[in-house]
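*Asks:* Predicted model and sequence follow; I will ask about them next.
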Amino acid sequence: MNRFRLAPILLVTTQAFAGDYMAEIDKARIINGCVIEREAQCAGMDLSGADLSNTDLRSADLRGANLSNATLNHANLRGANLNGANLDHVTGYRLQAYRASMRGVKARNAQLQGMQGAYLFAQGADFSESNLAGANFDFSRFSGATLQNTNLEFSSFEISWLPKANLEGANLHGANLQEAKLGLANLADADLSGARIHYATFEGTHMEGCTNCPFNW
């Protein structure tokens with residue numbers, strides 16, 4: 001066949017294969033009825049044990065969803081609604097949760113090192129026994145949250161609200177608590193060694209057995 005006649009055929013064939021390939025890449029996964037994509041509508045759905053690493057779930061509705069034992073490494077949940085969701089035993093290294101809502105979330109025994117949660121709404125959330133080392137929670141809301149025996153080493157809560165939060169036994173070594181509001185919080189047996197507490201408030205805070213707490217505040 002004349003090479004000049006062959007060229008258009010090869011071009012069309014190549015474009016067809018490329019189109020099929022890209023369509024396969026762009027096709028969103030579906031897990032138990034939940035379409036894994038930006039602005040996903042998955043309230044109350046079962047995503048337990050799912051591998052959601054590197055997924056884009058920005059502004060997703062995951063209220064009351066079951067994400068226990070899921071993997072969320074480097075996932076993007078920016079602006080997502082996870083109110084009342086179950087995140088127990090989740091693994092989510094450097095999970096992006098900027099301006100996300102996690103009110104009443106259960107995230108016990110979770111691995112969330114390096115979580116990016118500035119401006120997070122986590123009132124009443126339970127992060128007991130979890131590892132949140134190096135997390136960023138600046139300007140966040142943790143009113144009444146439970147962070148009992150939680151590893152918060154080198155985390156940042158600058159200008160965050162933690163009134164009545166339970167931080168009993170928490171590891172806050174090297175944490176940034178500058179201007180944090182800890183009124184009526186529980187810091188019993190917590191460790192604040194090397195923590196930055198400039199301008200933080202501790203009115204009525206329980207500090208029995210706390211290491212490096214500002215007892216003379």
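*Replies:* Ah, there it is.
*Asks:* neighbours around residue 204, how many?
*Replies:* For residue 204, the count of nearby residues is 11 (other C-beta atoms under 10 Å). (Each C-beta comes from the backbone N, C-alpha and C, glycine too.)
*Asks:* Helix or strand: which one has it?
*Replies:* Here residue 204, judged by DSSP states H and E, is contained in no helix and no strand.
*Asks:* so who does it touch?
*Replies:* Residues in contact with residue 204 (C-beta atoms under 8 Å, 6 or more residues apart in numbering) are 183-184.
*Asks:* least trustworthy helix or strand in the protein by mean pLDDT?
*Replies:* In the chain, no helix or strand scores lower on mean pLDDT, DSSP states H and E than helix 3-26, which sits at a mean of 52.
*Asks:* what's the next secondary structure element after that helix?
*Replies:* strand 29-31.
*Asks:* which residues sit against the helix or strand following that following strand?
*Replies:* Going down the chain from strand 29-31, the next helix or strand is strand 34-36, by DSSP H and E. When contacts are defined by C-beta under 8 Å, 6+ apart, strand 34-36 is touched by residues 28-30, 40-42, 45, 47, 52, 55, 57, 65.
*Asks:* export those to JSON lines and tack on secondary structure and distance to residue 119?
*Replies:* Below are the contacts of strand 34-36 laid out as JSON lines (DSSP: H, G, I helix; E, B strand; the rest coil; distance: C-beta to C-beta, whole Å):
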{"residue": "28", "secondary structure": "coil", "distance to residue 119": "27"}
{"residue": "29", "secondary structure": "strand", "distance to residue 119": "28"}
{"residue": "30", "secondary structure": "strand", "distance to residue 119": "30"}
{"residue": "40", "secondary structure": "coil", "distance to residue 119": "21"}
{"residue": "41", "secondary structure": "strand", "distance to residue 119": "23"}
{"residue": "42", "secondary structure": "coil", "distance to residue 119": "22"}
{"residue": "45", "secondary structure": "coil", "distance to residue 119": "26"}
{"residue": "47", "secondary structure": "coil", "distance to residue 119": "24"}
{"residue": "52", "secondary structure": "coil", "distance to residue 119": "22"}
{"residue": "55", "secondary structure": "coil", "distance to residue 119": "21"}
{"residue": "57", "secondary structure": "coil", "distance to residue 119": "17"}
{"residue": "65", "secondary structure": "coil", "distance to residue 119": "21"}
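*Asks:* Need the buried ones from those selected in PyMOL.
*Replies:* Per 16 or more other C-beta atoms under 10 Å, the buried members of these correspond to this PyMOL selection:
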select buried, resi 40+42+45+47+52+55+57+65
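*Asks:* Tell me the one among the contacts of strand 34-36 nearest to residue 89.
*Replies:* Proximity of the contacts of strand 34-36 to residue 89 (C-beta to C-beta) peaks at residue 47, which lies at 13.0 Å.
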